[in-house]
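1. Here is the input, now give the coordinates:
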Amino acid sequence: MIDCTVWWAAPLPATADRLALLAPEEVDRYQAYRKDEDKLRFLTGRVLAKTVSGERLGRSPGSIELDATCEDCGKPHGPPRVPGADFRFSISHSGDWIGLAVAEAPLGLDVETATRRADDSLIEYALNADERAALNGLSAPERTEAFFTYWTRKEALMKATGRGLKIPLQALTLSPFGEPARLLHSGDASLTPDGTRMADLNPGLGYRAAVAILTTDEIKVTESVWPA
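-> The predicted structure follows:
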């Protein structure tokens, strides 16, 4: 059994003690955001990741260094990790929620606000023919919720591989939106149904979220609001 803990946090104010937790390259990324809300989401994600990682390792948050080196270009914008740790984590944010999922296996987390409209071009881009057909006959609100259920599941899967949008969204076929999350078919060798476990999450009204873990074991997912 793989235990996965998901923490949900609201954006934190940019106080001096929190900013002091950022490494120089993280300060550069923080300052590069033009909108204050984007800066606070980034800051909160890093503070949350370093605090939770420190608790797991018995160390202070300030002693935790995250490696976000991109495997393709070498720049610090890849999925962050704690070098040498026996756990992995994934950060995602949307609207008023920042999420952190932690497990002892490669994993991906995605959260999205599900109140904006899912237009036809986005549905055509993300869903394959079977998944698009499942949306037929739904009301507009139902269609939006169903789409973002599919979207967050697919984003979580791609994040778990570390390959992101190099995997075409339509190459992944998922269980129907009203059923538990499962990968039914993958057109990409980095993902297989037998080696993937998934779960839909509950960040609250107006949001959809999912986590994907690359394992053949069963998973147990626990969600909590941070700080407790």
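2. Could you use CA atoms for every contact and neighbour count after this?
-> Fine.
3. Show the pLDDT at the closest residue to Thr51 other than its chain neighbours.
-> In space, and not counting its chain neighbours, Thr51 is closest to Pro61: 4.8 Å by C-alpha to C-alpha, 6 or more residues apart in numbering. On the pLDDT scale, Pro61 is placed at 97.
4. can you tell me how far Pro61 sits from Thr69?
-> 20 Å (C-alpha to C-alpha, to the nearest Å).
5. need the helix or strand of this protein with the lowest average pLDDT.
-> helix 120-126 (a mean of 91; mean pLDDT, DSSP states H and E).
6. now the end-to-end length of stretch 18-28.
-> 15 Å.
7. Please shift the residue numbers so they start at 4 in all later answers.
-> Got it, first residue is 4 now, which makes that one stretch 21-31.
8. And that stretch, how far out from the chain middle?
-> 21 Å (C-alpha atoms, centre = their mean, to the nearest Å).
9. List the buried residues for it?
-> Arg21, Leu22, Leu24, Leu25, Glu29 (16 or more other C-alpha atoms under 10 Å).
10. so where do the helices sit in this protein?
-> Assigned by DSSP state H, the chain shows helices spanning 19-22, 27-35, 39-60, 123-129, 132-136, 143-164.
11. for the last one, packing partners?
-> By that I understand helix 143-164. Using 3 or more C-alpha pairs under 8 Å, 6 or more residues apart in numbering; DSSP states H and E, the elements in contact with helix 143-164 are strand 110-116, strand 175-177, strand 200-204, strand 210-216.
12. Identify whichever of those strands lies nearest to Phe150.
-> strand 210-216 (9.7 Å; C-alpha to C-alpha).
13. tell me the angle of the closest one relative to strand 110-116?
-> For strand 210-216 against strand 110-116, the angle by axes from the mean of the first three to the mean of the last three C-alpha atoms, to 10 degrees is 170 degrees.
14. returning to what we had before: what does the least confident helix or strand of the chain rub up against?
-> Contact with helix 123-129 is made by Arg135, Phe150, Trp154, Leu172, Gln173, as judged by C-alpha atoms under 8 Å, 6 or more residues apart in numbering.
15. Weed out the non-buried ones from those residues.
-> Buried among the contacts of helix 123-129 (16+ other C-alpha under 10 Å): Phe150, Trp154, Leu172, Gln173.
16. and of those residues, the nearest to Phe45?
-> Closest to Phe45, out of all of the buried ones among the contacts of helix 123-129 and judged by C-alpha to C-alpha, is Trp154, at 21.6 Å.
17. quick one, what contacts that closest one?
-> Contacts for Trp154 (C-alpha under 8 Å, 6+ apart) come out as Ala129.
18. so how far is Leu22 from it?
-> Taken as C-alpha to C-alpha, the span from Trp154 to Leu22 is 32 Å.
19. so what pLDDT did Asp75 get?
-> On the pLDDT scale, Asp75 gets 71.
20. residues near it, how many?
-> 8 (other C-alpha atoms under 10 Å).
21. gap between it and Glu115?
-> In terms of C-alpha to C-alpha, Asp75 sits 26 Å off from Glu115.
22. again, but for Thr225
-> For Thr225, the distance to Glu115 - C-alpha to C-alpha - is 19 Å.
23. Kindly report the same for Arg44.
-> Arg44 is 13 Å from Glu115, by C-alpha to C-alpha.
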